[in-house]
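>>> Would you be able to build a 3D model of this:
(one chain, ligands or ions: 1)
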Amino acid sequence: MKNVQPQGSHFIDGAYVEDTAGREIACIYAATGETVATLHAATPAVVEQALASALRAQKEWAALAPVARGRVLSRVAALLRERNEELSELESIDTGKPIQETLVADATSGAEALEYYGGLTATLTGETVPLGGDFVYTIREPLGVCLGIGAWNYPTQIACWKAAPALACGNAMVFKPSEVTPLCALKLAEIFIEAGAPAGLFNVVNGYGDAAASMVSDPRVAKVSLTGSVPTGRKVYAAAAEGMRHVTMELGGKSPLIIFEDADIENAVSAAINGNFYSTGQICSNGTRVFVHEAIVDEFTERLLERTRTAVIGDPLNPDTQIGPMITETQRRKVLEYIEIGKTEGAELLLGGTAPEGGGFYIEPTIFGNVTDEMRIAREEIFGPVLSILTFGSEEEVVARANDTEFGLAAGLFTKDFTRAHRVVAQLQAGTCWINEYNLTPVEAPFGGVKMSGVGRENARAAIEHYSQVKSVYVAMGDVAAAF
Ligand code: NDP
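Predicted coordinates for the structure are as follows:
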């Protein structure tokens with residue numbers, strides 16, 4: 001295995017920083033279980049250094065001309081693209097995701113975000129509001145120091161999706177990766193410096209939840225953007241509310257994928273595969289409740305099983321591998337427990353369900369048939385390669401059942417009837433919907449959840465609203481009227 005030990009556990013003020021007094025973080029390669037790097041969680045001194053330098057850098061950054069800021073973001077994007085291969089390999093080692101995925105979905109997705117916001121930076125202006133003589137103008141201002149907290153499934157993408165709009169608006173960011181994937185964001189921080197960003201503009205602080213929690217409560221932090229689970233979201237949102245901080249919450253889901261009787265079956269099967277097994281099922285927006293019309297459920301299931309049986313499970317660094325391991329042994333155990341729960345609840349195990357022999361945290365792609373709405377595997381987020389097939393009879397019925405969940409991150413449907421497609425989408429309680437596709441999340445489109453799946457939006461112009469604030473300036477052109 002290539003040496004991936006970083007020069008320090010944190011990247012602050014333009015350089016690697018180490019404090020061995022912090023609790024050890026073992027970085028484990030999920031395909032073998034071997035420790036590939038050892039880091040130390042941030043101590044209060046490290047957190048202090050990160051926040052102080054971000055505060056300094058933010059002022060310097062916000063004072064630059066917007067086009068100069070945009071240029072730096074564009075340079076970061078170019079470097080990400082130039083080094084895609086090397087960064088994808090690191091991403092695969094950090095997460096266990098297959099290299100054929102990381103080459104197209106991680107540094108490249110991050111680069112897209114930086115390209116998009118790099119171009120947008122110089123267009124972020126206020127407006128003039130005429131009042132018939134007097135007028136108001138608005139100034140779009142940065143919030144200050146933003147804290148990004150990441151989940152482990154997309155360490156590079158999450159860091160870029162948060163940093164790019166934050167920095168475009170003139171903020172600085174301190175990013176806390178998940179402790180199980182601490183490596184990728186450090187590389188990104190190096191690249192920011194190489195691209196000409198001021199030292200301290202994008203700092204990375206590695207550590208456990210407590211390190212992030214201490215920053216959420218720090219008065220120097222103006223905004224918190226979390227990608228994580230609903231329970232963590234609840235805690236972080238509550239802590240942020242104490243200080244009246246801005247928040248973006250990108251949380252979990254249990255999204256429906258609805259296959260109507262007139263759907264193109266091959267495309268629907270492709271979407272079900274992508275929406276359940278890509279990244280070994282560790283994707284927040286996955287369509288894990290696959291509702292299939294009763295008239296086509298046999299045909300759909302047969303093709304889904306046939307095609308899923310051909311999935312190549314193996315070493316993430318082998319370009320032929322399509323399914324890598326779960327991120328950790330703990331996550332694998334959690335998913336295996338859900339598989340047992342599914343069997344006990346009476347769902348029919350059609351494929352997979354076991355952990356292959358040998359090292360690494362692997363689980364076979366798993367498909368359950370005859371799943372019903374009240375089963376826990378149909379209600380709770382599993383975050384693993386477990387697909388549930390549920391059948392339905394009518395459009396009205398499936399819409400009600402699709403919405404009968406506390407989550408509302410995403411939803412998809414397959415039909416050739418375009419009036420039905422738009423009618424159903426209009427009724428689905430989800431932040432992102434797909435018609436005849438699933439799980440594509442271009443940076444040009446807003447992404448985020450409703451209900452318990454979150455607050456705020458990432459990507460597109462929508463994210464600008466969540467990383468800036470508007471100041472209104474009233475300008476009087478005449479005398480001041482007073483009562484006395
Ligand atoms: P967690 O909620 O466990 O952790 C998310 C992050 O929050 C981690 O960096 C974690 O640190 C940190 N954290 C934990 N406790 C606190 C706290 N009290 N205060 C501040 N920060 C804290 O999520 P996972 O990493 O397990 O990721 C999986 C979850 O993320 C799933 O629910 C998934 O749906 C969701 N997700 C949502 C996405 C979206 O865009 N909507 C995209 C991807 C994932 P540490 O890990 O060190 O404990």
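>>> show me the residues around the residue in the stretch 1-150 of the chain that the ligand sits nearest to that make contact.
Closest to the ligand within the stretch 1-150 of the chain is residue 149: 4.6 Å, counting by CB to the nearest ligand atom. All C-beta spots, glycine's among them, are computed from the backbone N, C-alpha and C. With contact set as CB atoms under 8 Å, 6 or more residues apart in numbering, residue 149 has these partners: 175, 176, 212, 224, 225, 226, 227, 228, 236.
>>> and if you look at residue 29?
Contacts of residue 29 by CB under 8 Å, 6+ apart are 1, 35, 36, 93, 96.
>>> Please report which of those residues has the highest neighbour count.
Among these, the one with the most neighbours (other CB atoms under 10 Å) is residue 96, at 29 neighbours.
>>> On the three-state scheme, the residue nearest to it when sequence neighbours are not counted is what?
Setting aside the residues directly before and after it, residue 96 is nearest to residue 30 in space (CB to CB, 6 or more residues apart in numbering), at 3.2 Å. Under DSSP: H, G, I helix; E, B strand; the rest coil, residue 30 falls in the coil class.
>>> Residue 430 now?
Assignment for residue 430 (three-state DSSP): coil.
>>> quick one, phi psi at it?
phi -160, psi 150 (degrees, to the nearest 10).
>>> Test my guess that it contacts residue 408.
Yes - at 5.1 Å, residue 430 counts as touching residue 408 under the criterion of CB atoms under 8 Å.
>>> Can you pull the residues that touch both of these two?
449, 450, 453.
>>> In TSV, list those along with pLDDT, neighbour count and secondary structure.
Formatted as TSV, the shared contacts of residue 430 and residue 408 follow (pLDDT from 0 to 100; neighbours: other CB atoms under 10 Å; DSSP: H, G, I helix; E, B strand; the rest coil):
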residue	pLDDT	neighbour count	secondary structure
449	98	28	coil
450	98	15	coil
453	98	29	helix
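>>> Quick one: residues contacting the residue positioned nearest the centre of the chain.
Central residue of the chain (CA atoms, centre = their mean): residue 158, 4.9 Å from the mean position. Shown here is residue 158, whose contacts under the criterion CB under 8 Å, 6+ apart are 148, 150, 151, 227.
>>> Take those residues and keep only those in strands.
Of the positions in these, 148, 227 sit in strands, assigned by DSSP state E.
>>> Now distance to residue 162 and neighbour count too, for the contacts of residue 158, in TSV please.
Supplementary listing: the contacts of residue 158 in TSV, determined by distance: CB to CB, whole Å; neighbours: other CB atoms under 10 Å:
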residue	distance to residue 162	neighbour count
148	4	26
150	8	28
151	11	23
227	8	27
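>>> Greatest separation within the contacts of residue 158: which pair is it?
Distance extremes for the contacts of residue 158: the farthest pair is 148 and 151 at 11.0 Å, using CB to CB.
>>> Tell me the bridge partners for the residue of the stretch 1-150 of the chain closest to the ligand.
Counting by DSSP bridges, residue 149 is bridged to residue 176, residue 226.
>>> Tell me the spacing between it and residue 405.
24 Å (CB to CB, to the nearest Å).
>>> can you give me the strands in the stretch 301-450 of the chain?
With DSSP state E, counting those that start in this stretch, the ranges of strands along the stretch 301-450 of the chain come out as 348-351, 366-369, 386-392, 410-414, 432-435.
>>> what do you get for the stretch 1-150 of the chain?
So, for the stretch 1-150 of the chain - with DSSP E, counting those that start in this stretch - the strands run 10-12, 15-17, 24-28, 35-40, 128-130, 135-142, 145-149.
>>> ok so, going back, filter the contacts of residue 149 by proximity to the ligand?
Among the contacts of residue 149, proximity to the ligand is found for 176, 212, 226, 227, 228, 236 (CB under 6 Å from any ligand atom).
>>> check contacts around the fourth one.
Meaning residue 227. Contact analysis of residue 227 by CB under 8 Å, 6+ apart lists 149, 150, 151, 158, 162, 250, 251, 284.
>>> Kindly recompute the last result at 10 Å.
Taking CB atoms under 10 Å, 6 or more residues apart in numbering, we find residue 227 in contact with 148-154, 157-159, 161-162, 178, 233, 248-252, 284, 454, 458.
>>> Narrow these to those in strands?
148, 149, 248, 249, 250, 454.
>>> Residue 257 in helix, strand or coil?
strand.
>>> Let me fix that, I meant to ask about residue 480.
With three-state DSSP as the basis, residue 480 sits in coil.
>>> Neighbours of it, how many?
Considering only other CB under 10 Å, residue 480 is surrounded by 5 other residues.
>>> how near is it to the ligand?
Distance from residue 480 to the ligand, counting by CB to the nearest ligand atom, to the nearest Å: 49 Å.
>>> show me what contacts that residue?
So residue 480 contacts nothing (CB under 10 Å, 6+ apart).
>>> With residue 474 as the reference, measure out to it.
Residue 480 is 12 Å from residue 474, where distance means CB to CB.
>>> now do residue 303
From residue 303 to residue 474 the distance is 64 Å (CB to CB).
>>> re earlier: pull up the overlap in contacts between residue 148 and residue 151.
158, 177, 226, 227.
>>> Quickly name whichever of those is closest to residue 131.
Nearest member of the shared contacts of residue 148 and residue 151 to residue 131, counting by CB to CB, is residue 226, at 39.8 Å.
>>> Now do the same for the closest one: its pLDDT.
For residue 226, the model assigns a pLDDT of 98.
>>> and if you look at the one 5 residues further on?
Residue 231 is assigned a predicted lDDT (pLDDT) of 97.
>>> how about it, phi and psi?
Dihedral angles (degrees, to the nearest 10) for residue 231: phi -60, psi -40.
>>> wait, doesn't residue 463 sit right on residue 223?
No - using CB atoms under 10 Å as the test, residue 463 is too far from residue 223 to be in contact (11.6 Å).
>>> Can you lay out the strands of the stretch 301-450 of the chain as CSV showing mean pLDDT?
Converted to CSV, the strands of the stretch 301-450 of the chain look like this (pLDDT from 0 to 100):
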stretch, mean pLDDT
strand 348-351, 98
strand 366-369, 98
strand 386-392, 98
strand 410-414, 98
strand 432-435, 98
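>>> Including distance to residue 399, could the contacts of residue 29 go into TSV?
Listed next are the contacts of residue 29 as TSV, based on distance: CB to CB, whole Å:
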residue	distance to residue 399
1	49
35	48
36	47
93	43
96	37
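>>> And those residues, which two are furthest apart?
The widest separation within those (CB to CB) is 13.8 Å, between 35 and 96.
>>> Pull up the overlap in contacts between these two.
Residues touching both residue 35 and residue 96 (CB under 10 Å, 6+ apart) are 28, 29.
>>> do the lengthiest helix in the chain and the ligand meet at all?
Scanning the chain for the longest helix, with DSSP state H as the assignment, gives helix 44-62. No - when contact is scored as CB under 6 Å from any ligand atom, no part of helix 44-62 falls within range of the ligand; the minimum is 12.2 Å.
>>> which parts of that helix are buried?
Using 16 or more other CB atoms under 10 Å as the burial criterion, the residues of helix 44-62 that qualify are 46-47, 49-58, 61-62.
>>> which bits of the protein sit near the ligand?
Counting by CB under 6 Å from any ligand atom, the chain sits next to the ligand at 149-153, 176, 178-179, 208-209, 212-213, 216, 226-229, 232, 235-236, 250-253, 284, 381, 383, 409, 449, 454.
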